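**Q** Could you work out the structure for the sequence below:
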Amino acid sequence: MEDHVTPRRVVIIGGGFAGLFAARALRRAPVAVTVVDRRAHHLFQPLLYQCAAGILSEGQIAQPLRAVLRRHHNVRCLLADATDVDVTSRLVHAGRPGGGTVVLPYDDLIVAVGMRQSYFGHDEFAAHAPGMKTLDDALEIRRRLYRAFEMAETAADEEERRQWLTFALVGGGPTGVELAGQIREIAGHTLDREFRTIDPAEARVLLFEGSGAVLGTFGPALAGRAAQALSDLGVELHLGTRVTDIDADGLTVRDGEGTSTRFAARTVLWTAGVEAPPVARALARAAGATQDRAGRLAVEPDLTLAGHPEIRVVGDVMGLNHLPGLAEVAMQTGAYAGRAVRHAVEGRKKPLKPFRYLDLGSAAYICRGRAVVKAGSLHLSGVPGWLTWLFIHVAFLTGFRSRFGAVLSWAVVFASGARRERAFTLPDTAMPADPAAGSGAATPLP
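**A** Presented below is the predicted three-dimensional model:
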């Protein structure tokens, strides 16, 4: 009788960069891998803002996880939301969409859940100021951006028109800077000569940052160049300010001297702050792990949780040596965790060296022909930075179709300023079924 040996079970929570690279590292290992994610696609998160701005389509920055991993015959994908981990019985509990649960036994667990948007204890801001961490977020921001110009065209008076043409962004990191630049390009180039009542170029873009500089992690020199580039575009920088309130009509901020100022803006976008998802807190409680203020899990030099060599934490949710939440960190930690499991399964006697991050740099796109790149002692800005940014993002996009489509879309945008992915929808509740049911006086149009 033939013996059947159950392969070692590896569960990977999360299908982002860290989870994907972990699964790829286990491709030829004698293990059974289960990738569980609350979404069925792998998302190229650094380009979410380009989807929101109408440059790239959803399919160019998101690929089905099953398609990406289809040739990894020892990997299966499950659509479910991991909610808890039983570290004693080695079980992952996950909720299925629409109800029901699944329980996944594991011999090795790789936690790659990433981070979610944080409103620093003011979750009520989310209804008025969406963040940008998911594909749904990007589509919601696209809807709000282009809707604002449409609403300004039919505004009842000049004050309402100014409110619709004012865009406020909270957070001066890469996402905030990139979005601010995109909105100015949309207003000044993409929508040029498309409206009859308004001039989109008159749109105000306000960028609020709590520290004294945008892109502070890039260093003073590049931060200064980025600030100058944004100012040249017409972005109004408000540094050293803290948001104290947000509602449907705008936001209130407090400066370093304690003075509060109200800004009327119908479109407010949140690009500041991240926190760990609930499953990270559940794992911390179960394993006795330490978390920082944002909820990142402290790990050993080999990325394992203290006292639990079978659990590895990778990507943004990992707390090690103050490594930043970058895609490259996620890729490298995911690949390392996968290799560590493979070495253990294959019985290699030589232990794997502690994880060491190879810093390949950071990049932020500002506008056509202008970006900043920091890679060790190499600092680039302007056109050289933009060309480097372009190469990096083409190299890391998942799938030939994504790369080819993105290059074509970028060529159109960079050559003409046009954006082909501007379609957006409004919920049925946004339009009255009966025109007579609308509230308020009718708007006289010229």
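**Q** Quick check: V33 touching N74?
**A** Yes: V33 lies in contact with N74 (C-beta atoms under 8 Å); the separation is 5.6 Å. Placement of C-beta: from N, CA and C, glycine included.
**Q** Mutual contacts of the two, please.
**A** L26 (C-beta atoms under 8 Å, 6 or more residues apart in numbering).
**Q** okay, these two: which has more neighbours?
**A** V33 (26 against 16; other C-beta atoms under 10 Å).
**Q** in its sheet, what does the helix or strand where A168 lies sit against?
**A** Using DSSP states H and E, A168 sits in strand 166-170. Note on strand 166-170: by DSSP bridges, its sheet partners are strand 204-209 (parallel), strand 267-270 (parallel).
**Q** helix or strand right after the first one?
**A** In other words, strand 204-209. Scanning onward from strand 204-209 (DSSP H and E), the first element met is helix 220-233.
**Q** Render the CA-only coordinates of that next one in CSV, please.
**A** Taking C-alpha atoms only, helix 220-233 is exported to CSV below (Å, rounded to 0.1, in the frame of the first residue of the first chain):
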residue,chain,number,x,y,z
PRO,A,220,15.6,68.3,3.6
ALA,A,221,17.0,68.8,0.1
LEU,A,222,14.4,66.6,-1.8
ALA,A,223,11.6,67.8,0.5
GLY,A,224,12.4,71.4,-0.4
ARG,A,225,12.4,70.5,-4.1
ALA,A,226,9.1,68.7,-3.8
ALA,A,227,7.6,71.7,-2.0
GLN,A,228,8.8,74.1,-4.7
ALA,A,229,7.4,71.8,-7.4
LEU,A,230,4.0,71.7,-5.7
SER,A,231,4.0,75.5,-5.3
ASP,A,232,4.9,75.9,-9.0
LEU,A,233,1.9,73.8,-9.8
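**Q** Point out the other helices and strands that it packs with.
**A** Packing partners of helix 220-233 (3 or more C-beta pairs under 8 Å, 6 or more residues apart in numbering; DSSP states H and E): helix 174-185, strand 235-239, strand 362-367, strand 370-375.
**Q** from those, which stretch is densest packed?
**A** For the helices and strands packed on helix 220-233, the largest average neighbour count (mean count of other C-beta atoms under 10 Å) is found in helix 174-185, namely a mean of 25.
**Q** That one: how far from the chain's middle?
**A** Centroid separation for helix 174-185 versus its chain: 14 Å, with C-alpha atoms, centre = their mean, to the nearest Å.
**Q** so that helix versus strand 204-209, what angle?
**A** Relative orientation of helix 174-185 and strand 204-209, computed by axes from the mean of the first three to the mean of the last three C-alpha atoms, to 10 degrees: 170 degrees.
**Q** can you give me the mean pLDDT across helix 174-185?
**A** The average pLDDT within helix 174-185 is 95.
**Q** Quick one: list the elements packing against it.
**A** helix 48-52, strand 166-170, strand 204-209, helix 220-233, strand 235-239, strand 362-367.
**Q** Same list (those) but as CSV, adding distance to P324 and mean pLDDT.
**A** Below are those laid out as CSV (distance: least, C-beta to C-beta, whole Å; pLDDT from 0 to 100):
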stretch, distance to P324, mean pLDDT
helix 48-52, 17, 93
strand 166-170, 20, 98
strand 204-209, 17, 97
helix 220-233, 15, 94
strand 235-239, 21, 97
strand 362-367, 7, 88
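**Q** For the most centrally placed residue in the chain, give its distance to V268.
**A** Closest residue to the average C-alpha location of the chain: K133 at 3.5 Å, with C-alpha atoms, centre = their mean. Remark: distance between K133 and V268 (C-beta to C-beta, to the nearest Å) = 16 Å.
**Q** Could you do L207 as well?
**A** The value you get for L207 to V268, if C-beta to C-beta is used, is 12 Å.
**Q** what's the overlap in contacts for the two?
**A** Common neighbours of L207 and V268, counting by C-beta under 8 Å, 6+ apart, are L169.
**Q** Could I get the full set of helices for the stretch 51-200 of the chain?
**A** Counting by DSSP state H, counting those that start in this stretch, the stretch 51-200 of the chain has helices at residues 58-61, 65-68, 135-153, 158-164, 174-185.
**Q** Could I get the contacting residues of G210?
**A** 240-242, 272.
**Q** which among the residues you listed end up buried?
**A** Neighbour counting by 16 or more other C-beta atoms under 10 Å classes 241, 272 among the contacts of G210 as buried.
**Q** Check the contacts of G210 against G234 and report the nearest one.
**A** Closest approach to G234 among the contacts of G210 (C-beta to C-beta): T241, at 18.7 Å.
**Q** Not including adjacent chain positions, what is the nearest residue to that closest one?
**A** V253 (4.4 Å; C-beta to C-beta, 6 or more residues apart in numbering).
**Q** could you say which helix or strand contains that neighbour?
**A** Assigned by DSSP H and E, V253 falls in strand 250-254.
**Q** elements contacting that strand?
**A** Going by 3+ C-beta pairs under 8 Å, 6+ apart, strand 250-254 lies up against strand 166-170, strand 242-247, strand 260-264.
**Q** Run the chain-centre distance for the longest one.
**A** This means strand 242-247. Distance, centroid of strand 242-247 to centroid of chain: 22 Å (C-alpha atoms, centre = their mean).
**Q** Specify the angle between it and strand 260-264 in degrees.
**A** Using the same axes, to 10 degrees: strand 242-247 against strand 260-264 is 40 degrees.
**Q** helices or strands next to strand 242-247 in the packing?
**A** Using 3+ C-beta pairs under 8 Å, 6+ apart: strand 242-247 touches strand 250-254.
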